[in-house]
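Enquirer: Give the three-dimensional model of this entry:
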Amino acid sequence: MLNADDLMQIAQKGIDHALIEKQIDHFVRGFPYIKLDRPAVPGDGILLFNDQEANTYIDFYDCHAPALRVVKFVPASGAASRMFKALFEFRENPVVDGMEPQSPGYLFSHQKEIAFYHDLKAIMKRD
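Expert: So this is what the prediction gives:
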């Protein structure tokens, strides 16, 4: 499954080959279910802030964010499949004439709306 370039890159990054194989196996066979101890609730895993505390954190963020590279975290809740819906639809039913929503042309003409557009652009320039 892994080619020589993959193995070389894994070795250069110092990643254990067995760990990679285990991760790939999870994708092939599925991930084991997690056994939760209890739900997170206020006071036990969830922090609640009063208005003054919330405003302190908001002010802190507003003050420091311009000097940082702020990214948006999107949990794996179907967002990725919706993001690439046009490509999945194109794979099933290619459209060759026009810029209909299910064509890759539509996706690429709206690529700046993709959450990781700037990262992808930097990688494409570099590589």
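
Enquirer: Using the three-state scheme, assign G45.
Expert: When classified by DSSP: H, G, I helix; E, B strand; the rest coil, G45 comes out as strand.

Enquirer: how close does it get to P39?
Expert: Separation of G45 from P39 (Cβ to Cβ, to the nearest Å) stands at 8 Å. All C-beta atoms are positioned from the backbone trio N, CA, C, and that covers glycine.

Enquirer: For the protein, which segments are assigned as strands?
Expert: In the chain, the strands defined using DSSP state E lie at 41-42, 45-46.

Enquirer: Check which helices and strands the last one sits against.
Expert: Where contact means 3 or more Cβ pairs under 8 Å, 6 or more residues apart in numbering; DSSP states H and E, strand 45-46 is not packed against any helix or strand.

Enquirer: Next up, the contacts around I10.
Expert: 2, 17, 20 (Cβ atoms under 8 Å, 6 or more residues apart in numbering).

Enquirer: Just the buried residues from these, in PyMOL please.
Expert: In PyMOL syntax, the buried subset of these is picked out as below (16 or more other Cβ atoms under 10 Å):
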select buried, resi 20
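
Enquirer: Now intersect the contacts of I10 with the helices, please.
Expert: 17, 20 (DSSP state H).
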